[in-house]
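Asker: Give the three-dimensional model of this entry:
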Amino acid sequence: MMKPTEEIVISGFGGQGVLLAGKLLCIAAMRGGRHVSHIPSYGAEMRGGTANCSVVISDEPVASPVVEHPGVVIALNEPSVAKFEPKMRPGGLLIWNSSLVKTPPTRQDLQIVDLDATGISLEEGTERGANMAALGALIALREGFLSLEALDEALDEAVSARNRERNPVNRRILRAGYSAASAA
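Answerer: Residues are numbered from 1 along each chain as shown. Below you'll find the model as predicted:
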């Protein structure tokens, strides 16, 4: 169930679409009348280095964009689980990419969901869609958060013009991630 304010961290390697995923959430939420903030953070390397973004979605104006203890973490690689699992609020949702993470999260006070995000993406013919699979899973697991339709509608604005031809695949991966999380 969506809370009045949801603090989210999306994290992974540069090139996994972490920043795009955060931007997509914000655009979809803004279009739905919600207040948002989005702070990207990445290492010295755009591709291969670590990247994360903090997203706050709220029914009220966002007082601070800083997310110290997220209620939701999407961890697309091993270093992301190690860094953000300890910082999460008790009762939070941790979606981790079981395709790449070999050491599963261990906290007992979280809802922990293993998602074969990279595998789902590869089934659709690309290795660059784990972010979309994870967003689809988030939508399935957080009733009332956003809808798949809201993300669909926001894709063309969030994705750069040169990459929009990939949006049909992005939409299929979103739905596949949603289905995988719904079945779990």
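Asker: going forward, measure contacts between C-alpha atoms and count neighbours the same way
Answerer: Will do.
Asker: what about residue 18, how many neighbours?
Answerer: Using other C-alpha atoms under 10 Å, residue 18 has 28 other residues around it.
Asker: cool, the one 5 residues further on as well?
Answerer: Each residue near residue 23 was counted by other C-alpha under 10 Å, and the total is 25.
Asker: and it, what does it touch?
Answerer: 38, 158 (C-alpha atoms under 8 Å, 6 or more residues apart in numbering).
Asker: what ranges of this structure fall below the confidence cut-off?
Answerer: 1-3, 43-49 (pLDDT under 70).
Asker: So which residues of the chain form strands?
Answerer: 5-13, 35-42, 50-58, 72-75, 93-97, 111-115 (DSSP state E).
Asker: In a markdown table: those strands, plus mean neighbour count.
Answerer: Shown next, in a markdown table, are the strands of the chain (neighbours: other C-alpha atoms under 10 Å):
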| stretch | mean neighbour count |
| --- | --- |
| strand 5-13 | 25 |
| strand 35-42 | 18 |
| strand 50-58 | 24 |
| strand 72-75 | 28 |
| strand 93-97 | 26 |
| strand 111-115 | 19 |
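Asker: Quick check: bridge partners of the closest residue to residue 112 other than its chain neighbours?
Answerer: Spatial nearest neighbour of residue 112, chain neighbours left out: residue 94 (4.9 Å); criterion: C-alpha to C-alpha, 6 or more residues apart in numbering. Going by DSSP bridges, residue 94 is paired in beta bridges with residue 73, residue 112.
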